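Enquirer: Based on what follows, work out the 3D shape:
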Amino acid sequence: MHGIGIIGSGSMAQALGRALHERGAPVVALAARDAGRAGRAAAFVGAAVRPVEYAGAVGLGRLIVAVSDEAVTSVAGHLAAAGVRGGVVLHTCGVRGPEALAPLRAVGAACGVLHPLQTVPSPELGAGRLFRITFGVGGDPAAVAWAEEIADLLEGRVLRVPADGFPAYHAAATLAGNGVAALVDSAVGLMARAGVDAGTALEALAPLCRTSAENVMAVGPLAALTGPIARGDARSVREHVRVLADMPPDVAELYLAVSRRLLDLAVRRGLDASAARRIEPLVESARHGRDDPDARPRATTLTNP
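Expert: Below you'll find the model as predicted:
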């Protein structure tokens, strides 16, 4: 590898820079608009990594733009204006393809995407979580080749994504990753309705969440499905809907959306059609915050292919 410059000073920039540095990649500079943040971020990545302005990235030849999704194109423009020409540039934004780096592509850079399919809540936690994961990769041939080299260095696997496929890819990642926070927060709220404080609720729910995720990944969503909807247990669903009337509307809407999908999974796995017909109006009544067995059913879920 040639000398690598990290562009950005946030959690992803620091975590990825440090992970690469620890594996022997020649990370030599970190650039950010704020000199103080650049200095602190560079020190975290590695003692020999120097903090620079955008002009300091000129001539490095290998750049990783690890900034917020909204800032990628703007930062690419600043780098081009600073004199960056040619070379290979990757960005870590999962929702946009290589076109996000258009200002650098216009001055001869090979542009691509290297998106770590992992949550990075802080530099400290993220640096240790970027090994043996999947990276969403796409872009110009030279950029893809470098992205694959980085993934290999971090003992990861590569998921090739077409340029127009990144929004769907990122929506999937958001549901699987960030969606967990919304689900657990709602579950903690329901535990509070049962008289359980938040700390105790999190401790109690943790093994269930981990085991559920492990089961799904081990055998797939269909085989791992459990719970009242999978069993056709209308009585339990009716009780759920009753207590949801006391919860914020968005919690009820989340229960509705999740339960619709669970019912679809249950039907595909073989849930009896009559059981599905009993449960569906109860699920739909969650929208109204009341037990409404006459709610209009969504017939599309009742076909068992």
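Enquirer: Start and end of stretch 17-31, how far apart?
Expert: Using Cα to Cα, to the nearest Å, the end-to-end distance of stretch 17-31 comes to 12 Å.
Enquirer: where in the chain is pLDDT low?
Expert: Within the chain, the segments meeting pLDDT under 70 span 1, 288-305.
Enquirer: okay, now the domains of it?
Expert: For the chain, the structural domains run 4-165, 178-302, going by automatic domain parsing.
Enquirer: which of the ones you listed is buried the deepest?
Expert: Each of the domains of the chain was scored by mean neighbour count; the highest is domain 4-165, a mean of 20, by mean count of other Cβ atoms under 10 Å. C-betas here are computed from N, CA, C, even on glycine.
Enquirer: Kindly provide the distance from the closest residue to residue 134 other than its chain neighbours to residue 190.
Expert: Nearest residue to residue 134 in three dimensions, chain neighbours excluded: residue 117, at 4.4 Å (Cβ to Cβ, 6 or more residues apart in numbering). As judged by Cβ to Cβ, to the nearest Å, residue 117 and residue 190 stand 29 Å apart.
Enquirer: before we move on, what about residue 80?
Expert: Separation of residue 80 from residue 190 (Cβ to Cβ): 51 Å.
Enquirer: Tell me which residues are up against the helix or strand hosting residue 170.
Expert: Assessed by DSSP states H and E, residue 170 sits inside helix 166-176. Applying Cβ atoms under 8 Å, 6 or more residues apart in numbering, the external contacts of helix 166-176 come out as 94-97, 113, 115, 117, 136, 138, 159, 161.
Enquirer: before we move on, what about stretch 115-130?
Expert: 11-12, 14-16, 18-19, 22, 41, 44, 92-94, 133-137, 154, 156, 159, 166, 169-170, 173, 177-178.
Enquirer: where do the helices sit along the stretch 101-250 of the chain?
Expert: For the stretch 101-250 of the chain, the helices defined by DSSP state H, counting those that start in this stretch cover 102-105, 123-127, 141-153, 166-176, 178-193, 198-219, 221-224, 228-231, 234-244, 249-269.
Enquirer: Can you give me the buried ones in the fourth one?
Expert: In other words, helix 166-176. Residues 166, 169-170, 173 are the ones in helix 166-176 that count as buried (16 or more other Cβ atoms under 10 Å).
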